[in-house]
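> Sharing a model prediction with you, sequence too.
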Amino acid sequence: MDPRIRLLTEADLGFAGEVREIAGWNQLPADWRRFLALEPEGCFLAEWEGQPAGTATTTTYGEDLAWIGMVLVHPNFRRKGVGTALLKHAIHYLREDRGIRSVKLDATPEGLPLYEKLGFRPEWGLRRWLSRDRKGLAETGRKTERQEVSSKALALDRDIFGVDRGRLLSRLGDDAFGSVSSGDDGFGMIRDGSRACYLGPVIAITASEGEGMIRTLLGMTSSDRWVFWDIPDENRSAVALAEALGFEPVRVLTRMWLGDNVTPGDPSRVWGLADPGLG
């Protein structure tokens with residue numbers, strides 16, 4: 001028996017939140033709604049004998065790049081091929097229906113063997129860093145005034161990330177409780193999560209600009225509020241700053257790609273991901 005795959009809708013977000021909670025991931029209902037708004041025809045729910053069993057989302061960035069995220073299977077339906085069916089369906093949608101040249105995802109160690117069987121190749125590593133308190137940093141409080149990302153900073157993001165993701169950044173800016181800009185040379189955001197604040201995305205040309213924005217964003221959080229920060233291993237300056245600020249690595253991920261990797265970007269200047277489910 002194979003699972004039935006259909007579109008994920010707003011009516012399914014109760015189940016989506018439940019399976020996310022079981023997995024211990026950090027997304028909020030607002031994150032699920034953002035996935036649906038960005039790609040309403042590319043978010044999927046698997047059903048097993050009429051019961052919701054798993055989820056997967058996709059996000060497209062033009063014709064050159066798309067992302068797969070939120071691949072979650074309820075414990076009651078594991079080892080039934082649900083995750084594989086969701087991934088194959090998402091890949092077919094992106095590669096065949098949409099004609100996307102490159103599909104990427106950030107893989108957990110548990111999921112990596114499955115992704116390799118489906119043809120994904122490793123690109124580079126990243127880690128999630130956790131801060132439980134930041135008593136050495138001055139608190140400046142949350143900033144309600146949104147700082148727009150300049151057109152030149154958007155162009156910089158396009159060079160560093162690999163494609164234009166202005167539509168995503170606009171929506172992330174709407175949900176961020178803090179944002180900073182280093183003129184045309186970088187920007188950063190921080191938003192709430194279910195388990196911790198999420199630091200990212202952050203893009204910077206130089207280490208001094210990156211560090212300055214990170215410290216400013218962290219100052220917008222309560223010192224005893226947990227913060228997650230996802231950093232590419234290739235950005236050694238960001239990793240060194242995380243260690244100096246007392247963050248500890250709690251999760252290892254591998255960026256992987258399928259198809260033609262025409263958008264490698266520059267992870268050494270990525271100071272914080274937008275989300276493992278988004279890139």
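That came through, no problem.

> Wait, a helix at L13?
Yes: according to DSSP: H, G, I helix; E, B strand; the rest coil, L13 belongs to a helix.

> you'd agree it is up against A30?
No: counting by CB atoms under 8 Å, L13 stays clear of A30, with 10.4 Å between them. Bear in mind the C-beta positions are built from the backbone N, C-alpha and C, glycine included.

> Mind listing what's buried along stretch 3-23?
With burial defined by 16 or more other CB atoms under 10 Å, the residues of stretch 3-23 counted as buried are 3, 5, 8, 12-13, 15-17, 19-20, 23.

> again, but for stretch 98-117
98, 100-107, 111-112, 115.

> So which of the residues you listed sit within helices?
Cross-referencing the buried residues of stretch 98-117 against helices under DSSP state H gives 112, 115.

> can you tell me which of the buried residues of stretch 98-117 lies nearest to C43?
Nearest to C43 among the buried residues of stretch 98-117: R98, at 13.4 Å, using CB to CB.

> Now do the contacts for that closest one.
42, 60, 63, 66 (CB atoms under 8 Å, 6 or more residues apart in numbering).

> got the buried residues of stretch 3-23 as a markdown table, with pLDDT and distance to R236 columns?
Below are these laid out as a markdown table (pLDDT from 0 to 100; distance: CB to CB, whole Å):
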| residue | pLDDT | distance to R236 |
| --- | --- | --- |
| P3 | 95 | 42 |
| I5 | 98 | 41 |
| L8 | 99 | 38 |
| D12 | 98 | 41 |
| L13 | 98 | 39 |
| F15 | 98 | 41 |
| A16 | 98 | 36 |
| G17 | 98 | 36 |
| V19 | 98 | 35 |
| R20 | 98 | 32 |
| A23 | 96 | 30 |
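
> Show me how the protein divides into domains.
4-100, 127-272 (automatic domain parsing).

> And the ones you listed: which comes nearest G119?
Among the domains of the chain, domain 127-272 sits nearest to G119 (CB to CB), with 5.3 Å.
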